Each structure stands twice: as C-alpha cells, then as structure tokens.
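Colleague: When you get a sec, could you give me coordinates for this:
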Amino acid sequence: MTGSHIFYIPLMLIVGGLIGYVLGRRSYAMELEEQRRREERRAARRAQASEQPEGESGTR
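Modeller: Here you go, the predicted model:
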C-alpha cells in the first residue's frame with residue numbers, strides 16, 4: 001500500500017458522503033412537495049364533497 005492511499009481513501013469516503021447527502025436532501029424535498037400536493041388534493045376533495053347536497057354522490 002502506497003502513501004497515496006492515506007489521502008485517497010478518506011477523500012473518496014468524504015466525496016461519497018457529500019453525494020449521498022445531496023441526493024438524500026433532494027429526495028426529501030421532493031417527498032415533502034408530493035406530500036403537500038396530496039394534502040391539497042385531499043382538502044379540495046373534502047371541500048367539493050361538502051358543497052354537494054345530501055343524497056348526491058357525484059357519480060352518474
């Protein structure tokens with residue numbers, strides 16, 4: 001094993017950690033956005049259902 005491994009291996013671990021952090025953060029942000037959209041759709045369906053008179057199911 002040469003002396004360059006002393007620098008190369010920790011450097012690769014740091015680079016891998018940074019890439020994992022960036023990709024994980026991006027995935028987390030996308031998941032939060034999707035959850036927000038689901039909540040908006042759910043709220044819109046509830047609002048639409050509360051506007052319909054009793055006895056009407058909305059389907060034909």
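Colleague: May I ask which helix or strand encompasses the spatially most central residue of the chain?
Modeller: With distances taken as C-alpha atoms, centre = their mean, Glu31 lies nearest the centre of the chain, 1.4 Å away. Per DSSP states H and E: Glu31 is located in helix 5-51.
Colleague: how far is that helix from where the chain is centred?
Modeller: Chain-centre distance of helix 5-51: 3 Å, with C-alpha atoms, centre = their mean, to the nearest Å.
Colleague: and the residue nearest to the centre of the chain, how far is that from Ala43?
Modeller: 19 Å (C-beta to C-beta, to the nearest Å). In short, each C-beta sits where N, CA and C put it, glycine included.
Colleague: returning to that earlier point: what's the average pLDDT for the helix holding Glu31?
Modeller: Average pLDDT, helix 5-51: 94.
Colleague: what residues are up against Arg36?
Modeller: Listed by C-beta atoms under 8 Å, 6 or more residues apart in numbering, Arg36 has no contact partners.
Colleague: Next, the buried residues of stretch 8-27.
Modeller: Residues of stretch 8-27 include none that count as buried (16 or more other C-beta atoms under 10 Å).
Colleague: Using CSV, write down the CA coordinates of that stretch.
Modeller: Presented in CSV, the C-alpha positions along stretch 8-27 are these (Å, rounded to 0.1, in the frame of the first residue of the first chain):
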residue,chain,number,x,y,z
TYR,A,8,-7.2,8.8,-1.4
ILE,A,9,-9.4,6.5,0.7
PRO,A,10,-10.6,9.2,3.1
LEU,A,11,-11.2,11.6,0.2
MET,A,12,-13.4,9.1,-1.5
LEU,A,13,-15.4,8.5,1.7
ILE,A,14,-15.9,12.2,2.0
VAL,A,15,-17.0,12.6,-1.6
GLY,A,16,-19.4,9.7,-1.3
GLY,A,17,-20.8,11.2,1.9
LEU,A,18,-21.4,14.5,0.2
ILE,A,19,-23.0,12.9,-2.8
GLY,A,20,-25.3,10.9,-0.5
TYR,A,21,-26.2,14.0,1.4
VAL,A,22,-27.1,16.0,-1.7
LEU,A,23,-29.1,13.2,-3.2
GLY,A,24,-30.9,12.4,0.1
ARG,A,25,-31.7,16.1,0.6
ARG,A,26,-33.1,16.4,-2.9
SER,A,27,-35.2,13.2,-2.4
